[in-house]
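> give me the fold of what follows.
(2 chains)
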Amino acid sequence: MRFFEYEAREIVKRAGIPVTDFGFTTDAAEARAIAERIGGPTVIKSQVLTGGRMKAGGVKFADTPAEAEAYAADILELEINGHMPRGVLVDPKADVKQEYYAGVVWDGTAKKPVILFSDMGGIDIEEVAEQHPDHVGRVHISNLLPISDYQAKECIAQTGVTGKALQRLTPIVRRLAQLFVDNDMVLAEINPLCEMNDGTFVALDAHMDMESEARGRHKGLLEELGVGDDETRLAREPTEFELAGEAVDSADHRGVAGNVTEFDGNIGLVIGAGGGSLTLFDAVRAHGGEPANYCEIGGNPSVHKTCGLAKLVLTKPGVDKIAVMMSIVSNTRVDIVARGVIKACLELGFDPAEKIAIFRIPGAWEEEGFKILEKYGIEYADRSVSMHEAARRAVAKIAGPEAVTS
Amino acid sequence: MSILIDASTTFIVQGITGREAVNLTRECLDYGVGAKIVGGVTPGRKGRDVHGVRVFDTVAQAVESYGSPIYGSVVTVPPAFTKDAVFEAIENHIKLVVIVTERIPRRDVAQMVELADMRGARIIGPNCLGIIVPDVIKMGGIGGPAKNAAQAYSPGPIGVVSRSGGMTTEMSSTLTAAGLGQSTAVSIGGDAIIGSTYAELMPFFQADKQTHGIVIYTEPGGRMEAELSQWVIDNDCRMPVVAFMAGRFMDEMPGMSFGHAGTIVEGKEDTAAEKIARLADAGITVAEEISEIPDIMKSKLPAHVEHKPPPGVSVPAWVRGGDGP
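Residues are numbered from 1 along each chain as shown, chains lettered A, B, ... in the order given. Predicted structure coming up:
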């Protein structure tokens, strides 16, 4: 779960890392008041969860409080990559001598966090790593032993930084590593980490991403930052269709019939499980089909829940028929899914044989499931029909044989 | 032969009184020669039994009662208690821990893995269905009830490793239908950090005389496939490797997670396209469809490998006889 810059800076500040005297607001007049309090030139920064703010005009430099107010008013109305800003951050214009980069991420191969440091801050670290590998320091930290200053020092020293800068940067980088661990972050980045002309060091911008699975352990922090429980902070905001899918899934606790994602196509999909859904979605597209949605069934959801998901997909504008497909199931029961999707058709006043283009779920309780499907005249397939072949049949039946590309 | 487990493997189930764990215990007891589940652990439930398996309050009690070291544990406790349960297993000299639990924060997983490394133990998972040696033993929910598992898995020369539990069964079933049985199939889990990656399991298969080919199921996210490619290049891999990559559509949707927690495209290296290129560099064929895998594998297997159960692995009576003992 990503944090806005103003939240990330607050987290950094709480970890004992120096930050500027910034202010956050959703109101242009208040931006002026913050600029007045700061005194001198300010920077007005859009608070959006997307990159490319500078290019889009979401960062402006103001000489006076009146200018700060005007820029804030503009930026508050400015949409960037489909995101409206949460507010603006008003920051004193920094008198920077040198920009550094400090970050901590997970290394999935080493299975440890890795501290990254560069004396070339202010630009994308991946770019620096590619073009100037000798300017990036890397040190892995243990998951069991306490984090120690020397690890930060070694990381910084790898880039050739020495003297007073090394001594000043060491505790900052160590604290960043500590906050990464303490807050279950998957990314904690200060870029740029600035040495000012007066010799002080401050975090001028920060990116933080907390692991969603760990949100429950940080309720206090999230509450203090004002992050609502319902904020997903995903790459794009959930659509109404997706929220309705979530409501179906959370209606009862048994199994999963959710993770619904909306697409533009006409092929309604009731698919599962995790890997099966990924495979089937690809398969539909590989055969020239355009899915109306992605979803996942798993963990043996109830008839009611499966019915709810099928109804949601069946009533999506543009969807005429659904394809009900999964990889071989061993926990989820074939007969329960069959009953759920048939119930959905009947409750909507449809003929299941007409609306269910194909049912391909082999596995546990398949004899019982196939019996029910046969009774309603629904086309079904067992494991001898591959997932890709089932997807091809679905595309041919829903989009027409001419739509099938391979 | 097989990897990681065989007919003699002893294990316990931590969290054995939970609904899913009760089913899993039944399935493992019923499958193959019958798993040697020598105890279960649920704090506060000492003295109960689950399908004839005695329940203890602690792992130490289970080990003491058994009277010799216990090799494995299947952990199915809620996410908030998983780290403690795995630490308890490892510190009681358990050598193989299969973690079924989903939604464990990765710092907890990383801590478990580091402790396992220190103690010479191995973790499979989390968020996985476990390990199966066809017709011999299964450790975890993989393949489901014994009857269903017997339908999909058969003994043979192929090692199967998959980030998706369900797809482990789908791919093995496809292999079985084509006459290619499996030496061992491992569901390694779908999280960003897992106990055992493809590359970490390859040395086991490389050393296993029964295994002559490897089939893997992979997804976008992480560097596990690049790690495997490097292993294949560096270690003169004697076995052909065939891969299937799901979630190719995700390349167009950076920042969105689908399927499993670890399945997300954040950087170039996470993409399906990049992974397919890396795998190809190592001579690993990436199948377009699962149904193509058996033919690709047959064309790459050494001539002496027969597409039927190898000598020494007999089909147990329970498979022919029906639902198991």
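
> list the buried ones in stretch A:43-62?
For stretch A:43-62, burial by neighbour count (16 or more other Cβ atoms under 10 Å in any protein chain shown) applies to A:43-50, A:53, A:56, A:58-60, A:62. Heads up, the C-betas are built off the backbone N, CA and C, glycines and all.

> and for stretch A:280-296?
Within stretch A:280-296, judged by 16+ other Cβ under 10 Å, the buried ones are A:280-287, A:289-296.

> also within reach of chain B: list those from those residues.
Restricting the buried residues of stretch A:280-296 to those touching chain B (Cβ under 8 Å from any Cβ of the partner chain) yields A:281-283, A:285-286, A:294, A:296.

> the helices in chain B, which residues?
Ranges of helices in chain B, per DSSP state H, are B:19-30, B:59-66, B:79-91, B:106-119, B:146-152, B:165-177, B:198-206, B:224-234, B:272-281, B:293-300, B:317-321.

> any low-confidence regions in the stretch 251-400 of chain A?
Within the stretch 251-400 of chain A, not a single segment meets pLDDT under 70.

> output the strand ranked longest in chain B as PDB, restricted to C-alpha atoms.
Counting by DSSP state E, the longest strand found in chain B is strand B:155-162. Extracted C-alpha coordinates of strand B:155-162, given in PDB (Å, rounded to 0.1, in the frame of the first residue of the first chain):
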ATOM      1  CA  PRO B 155       4.800 -42.100 -10.900                       C
ATOM      2  CA  GLY B 156       7.400 -41.400 -13.600                       C
ATOM      3  CA  PRO B 157      10.400 -39.500 -14.700                       C
ATOM      4  CA  ILE B 158       9.200 -35.800 -14.500                       C
ATOM      5  CA  GLY B 159       9.800 -33.400 -11.700                       C
ATOM      6  CA  VAL B 160       7.100 -30.700 -11.400                       C
ATOM      7  CA  VAL B 161       7.600 -27.400  -9.700                       C
ATOM      8  CA  SER B 162       4.900 -24.700  -9.600                       C
END
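
> confidence score at the closest residue to B:Arg106 other than its chain neighbours?
Spatial nearest neighbour of B:Arg106, chain neighbours left out: B:Ile193 (4.6 Å); criterion: Cβ to Cβ, 6 or more residues apart in numbering or on different chains. Reported pLDDT at B:Ile193 in the predicted model: 96.

> from B:Glu266, how far out is A:Arg138?
Distance, A:Arg138 to B:Glu266, by Cβ to Cβ, to the nearest Å: 18 Å.

> got it, and B:Ser196?
The spacing between B:Ser196 and B:Glu266, counted by Cβ to Cβ, is 23 Å.

> more neighbours: those two, which one.
Neighbour count, other Cβ atoms under 10 Å in any protein chain shown: between B:Ser196 and B:Glu266, B:Ser196 has more, with 21 against 18.

> list phi and psi for that one.
Here is the backbone geometry of B:Ser196 (degrees, to the nearest 10): phi -130, psi 120.

> returning to what we had before: the longest strand of chain B near chain A at all?
Yes. For strand B:155-162, a contact with chain A is found by Cβ under 8 Å from any Cβ, at B:Ser162.

> can you tell me what sits against stretch A:346-361?
Residues outside stretch A:346-361 that contact it (Cβ atoms under 8 Å, 6 or more residues apart in numbering or on different chains): A:307, A:311, A:314-315, A:320-326, A:329, A:332, A:334, A:337-338, A:341-342, A:345, A:369, A:373, A:376-381, A:385, A:387, A:390, A:393-394, A:397-398.

> next step: those residues restricted to helices.
Counted as lying in helices by DSSP H, out of these, are A:307, A:311, A:314, A:334, A:337-338, A:341-342, A:345, A:369, A:373, A:387, A:390, A:393-394, A:397-398.

> so which of those residues reach chain B?
A:Met387.

> spatially central residue in the chain, please.
Just going to use chain A. A:Leu234 (3.6 Å; Cα atoms, centre = their mean).

> that's the wrong chain, I meant chain B
Central residue of chain B (Cα atoms, centre = their mean): B:Val186, at 2.4 Å.

> pLDDT averaged over stretch A:162-182 - what is it?
For stretch A:162-182, mean pLDDT rounds to 97.

> quick revisit: narrow the contacts of stretch A:346-361 to just the buried residues.
A:307, A:311, A:314, A:321-326, A:329, A:332, A:334, A:337-338, A:341-342, A:345, A:369, A:373, A:376, A:378, A:380-381, A:385, A:387, A:390, A:393-394, A:397-398.

> residues from the stretch 51-200 of chain B in reach of chain A?
Contacts of the stretch 51-200 of chain B with chain A, taken as Cβ under 8 Å from any Cβ, map to B:79-80, B:103-107, B:109-111, B:113-115, B:118, B:141-145, B:148-149, B:152, B:162-167, B:169-170, B:173-174, B:177, B:190, B:192-193, B:197.

> what distance do you get for B:Asp236 to B:Gly283?
11 Å.

> was I right about A:Glu195 contacting A:Lys97?
Yes. Contact criterion Cβ atoms under 8 Å: A:Glu195 and A:Lys97 qualify, at 4.9 Å.

> how about the CA coordinates for stretch B:68-88, as PDB?
Provided in PDB are the C-alpha atoms of stretch B:68-88 (Å, rounded to 0.1, in the frame of the first residue of the first chain):
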ATOM      1  CA  SER B  68      12.900 -40.000  17.900                       C
ATOM      2  CA  PRO B  69      13.300 -36.900  15.700                       C
ATOM      3  CA  ILE B  70      10.400 -36.000  13.500                       C
ATOM      4  CA  TYR B  71      11.400 -35.000  10.000                       C
ATOM      5  CA  GLY B  72       8.600 -32.700   8.800                       C
ATOM      6  CA  SER B  73       5.800 -30.400   9.700                       C
ATOM      7  CA  VAL B  74       2.800 -29.100   7.800                       C
ATOM      8  CA  VAL B  75       1.900 -25.700   9.200                       C
ATOM      9  CA  THR B  76      -1.700 -24.500   8.800                       C
ATOM     10  CA  VAL B  77      -2.100 -21.900  11.500                       C
ATOM     11  CA  PRO B  78      -3.400 -18.300  11.000                       C
ATOM     12  CA  PRO B  79      -1.000 -15.800   9.500                       C
ATOM     13  CA  ALA B  80      -0.400 -13.900  12.800                       C
ATOM     14  CA  PHE B  81       0.800 -17.100  14.500                       C
ATOM     15  CA  THR B  82       2.700 -18.800  11.600                       C
ATOM     16  CA  LYS B  83       6.200 -17.400  12.400                       C
ATOM     17  CA  ASP B  84       6.000 -18.600  15.900                       C
ATOM     18  CA  ALA B  85       4.800 -22.100  14.800                       C
ATOM     19  CA  VAL B  86       7.600 -22.400  12.200                       C
ATOM     20  CA  PHE B  87      10.300 -21.200  14.700                       C
ATOM     21  CA  GLU B  88       8.900 -23.800  17.200                       C
END
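
> contacts only, for the residue nearest to the centre of chain B.
The contact partners of B:Val186, by Cβ under 8 Å, 6+ apart, come to B:3-4, B:124, B:130-131, B:159-162, B:168, B:196, B:201.

> mind checking how far it is from B:Met171?
B:Val186 is 12 Å from B:Met171, where distance means Cβ to Cβ.

> what's the overlap in contacts for the two?
Counting by Cβ under 8 Å, 6+ apart, the shared contacts of B:Val186 and B:Met171 are B:160, B:162.

> just to revisit the earlier point, A:Glu195 and A:Lys97: who's more crowded?
Using other Cβ under 10 Å, the more surrounded residue of A:Glu195 and A:Lys97 is A:Glu195, with 20 against 14.
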